[in-house]
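# The sequence and its predicted three-dimensional model are supplied below.
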Amino acid sequence: MTHFVLAGDIGGTKTRLSLYDEAKGPGFPLEQETFASKDYDSLTEIIEAYLSQKAVNIRIASFGVAGPVMNGQVSTTNLPWSLTEASLQPVVNHAPVYLLNDLMAAAQAIPFLTDGDVHTLNPGRPDAQGAIGLIAPGTGLGEAFLTWHGDRYQAHSSEGGHCSFAPLDQTQLQLLNFLFPRFGHVSYERVCSGNGIINLFNYWKYAQNVAVPQKLADELAAAPDPNPVLFRAALEDHVSIATNTLALFMEILASEAANLALKVMASGGIYLGGGIPPRLIDWIDAEHFMRAFSAKGRFTDWLATTPVHIITKPETALFGAACFAFEQLKKG
């Protein structure tokens with residue numbers, strides 16, 4: 001009988017599930033499907049919908065989830081779900097289930113990425129066994145890191161995206177002053193994520209009085225998600241308030257990526273993941289990004305040698321969750 005691995009990437013916007021033949025490995029996804037997370041009351045419902053027309057024997061299941069996983073359970077950050085490994089086992093025929101922080105799942109994939117899976121902003125001088133940092137602006141802002149353990153990398157989860165935002169210059173200081181009365185605590189996720197981009201736009205609009213063309217205002221009012229509208233206005237129409245928004249976003253991302261590099265001494269490199277950086281590759285100026293990245297006083301020279309890559313491989317967290325599951329099978 002053929003046995004299958006079930007892997008998933010559980011995000012605030014989308015949930016992706018895929019099966020993998022146990023004999024073939026994580027590089028060969030089968031019957032991948034995407035679900036709108038908010039259309040369902042639980043992950044169990046999504047798994048049931050996915051498996052309903054599939055007669056498969058699940059050997060093991062692994063899910064990357066947007067939220068802090070502790071002792072096999074998690075309350076998702078951007079969804080009203082509470083998940084436990086034990087509660088998910090019945091829907092996969094009582095196979096072992098593993099819940100991973102979604103960024104830890106994505107980090108699992110990094111050692112298996114090829115040159116074709118990344119876009120390099122700074123080649124740097126990588127340490128073959130040095131720590132690696134991952135920062136991923138998507139719906140929220142995720143962070144994770146890897147350390148070398150004898151013969152392989154081990155991934156570690158983090159909630160660094162919820163650390164307090166630290167301004168890099170006067171513009172960012174004014175941004176903090178603008179947002180603080182609204183949120184009380186201004187985390188990096190508030191200013192460096194899909195949910196946070198509108199906060200940057202509102203800063204330029206209300207605090208700096210940058211004009212909003214009527215066409216853009218109408219499109220934003222009608223859009224369920226403002227980000228595609230703002231991206232198009234910046235990348236195609238070159239509207240000032242939109243280009244200002246993306247420029248500020250990238251400077252903040254560069255600064256927080258450098259913070260992560262310093263915290264874990266990421267001599268193995270920093271990887272930018274999530275859904276946003278790959279969409280902006282043609283717009284990002286590597287030299288400008290690295291100036292913001294390396295602007296850390298006495299560690300400027302060291303940061304300039306740190307490799308920085310954008311992950312372009314689709315569904316990295318899903319691939320990483322599958323890699324983790326296959327590693328568990330190897331352990332027996």
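Perfect, thanks for sending it. Owing to the predicted nature of the structure, the values given are computational and were not obtained by experimental measurement.

# now the strands: where do they sit in the protein?
Secondary structure of the chain by DSSP state E: the strands cover 3-10, 14-21, 29-36, 57-65, 73-75, 82-84, 97-101, 118-122, 132-137, 141-149, 152-158, 269-272, 308-311.

# other SSEs contacting the first one?
What it means is strand 3-10. Applying 3 or more Cβ pairs under 8 Å, 6 or more residues apart in numbering; DSSP states H and E, one finds that strand 3-10 contacts strand 14-21, helix 43-51, strand 57-65, helix 102-109, helix 316-331. Placement of C-beta: from N, CA and C, glycine included.

# on that earlier part again, adding distance to residue 328, write the strands of the chain out as TSV.
Below are these laid out as TSV (distance: least, Cβ to Cβ, whole Å):
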stretch	distance to residue 328
strand 3-10	9
strand 14-21	13
strand 29-36	18
strand 57-65	6
strand 73-75	18
strand 82-84	18
strand 97-101	7
strand 118-122	26
strand 132-137	21
strand 141-149	16
strand 152-158	13
strand 269-272	23
strand 308-311	23
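
# out of the ones you listed, which comes closest to residue 278?
Proximity to residue 278 (Cβ to Cβ) singles out strand 308-311 among those, at 6.1 Å.

# List the neighbours of the closest one that are in contact with it.
106, 110, 113, 117-122, 124, 257, 269-273, 277-278, 281, 284, 289-290, 293 (Cβ atoms under 8 Å, 6 or more residues apart in numbering).

# what residue ranges in the stretch 201-332 of the chain score low on pLDDT?
In the predicted model of the stretch 201-332 of the chain, no residue satisfies pLDDT under 70.

# could you redo the last one with a cut-off of 90?
For the stretch 201-332 of the chain, residues meeting the criterion pLDDT under 90 lie at 282, 314-315, 327, 330-332.

# can you give me the helices for it?
214-222, 226-235, 240-264, 286-293, 300-304, 316-331 (DSSP state H, counting those that start in this stretch).

# Residues in a beta bridge with the closest residue to residue 318 other than its chain neighbours, which ones?
Spatial nearest neighbour of residue 318, chain neighbours left out: residue 9 (4.1 Å); criterion: Cβ to Cβ, 6 or more residues apart in numbering. Applying DSSP bridges to residue 9 gives these bridge partners: residue 16, residue 64.

# any idea how far residue 162 lies from residue 188?
7 Å (Cβ to Cβ, to the nearest Å).

# Compare the two and say which one has the larger neighbour count.
residue 188 (26 against 16; other Cβ atoms under 10 Å).

# what's near enough to touch the more buried one?
With Cβ under 8 Å, 6+ apart, residue 188 has these contacts: 141, 160-165, 252, 256.

# Just the buried residues of the residues you listed.
Buried subset of the contacts of residue 188 (neighbour count, 16 or more other Cβ atoms under 10 Å): 141, 160-163, 165, 252, 256.

# which one of those residues sits closest to residue 328?
Closest to residue 328, out of all of these and judged by Cβ to Cβ, is residue 160, at 25.8 Å.

# In PyMOL, how would I select just the buried ones from the contacts of strand 308-311?
PyMOL command restricting those to the buried ones, with burial defined by 16+ other Cβ under 10 Å:
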select buried, resi 106+110+113+117+118+119+121+122+124+257+269+270+271+272+273+277+278+284+289+290+293
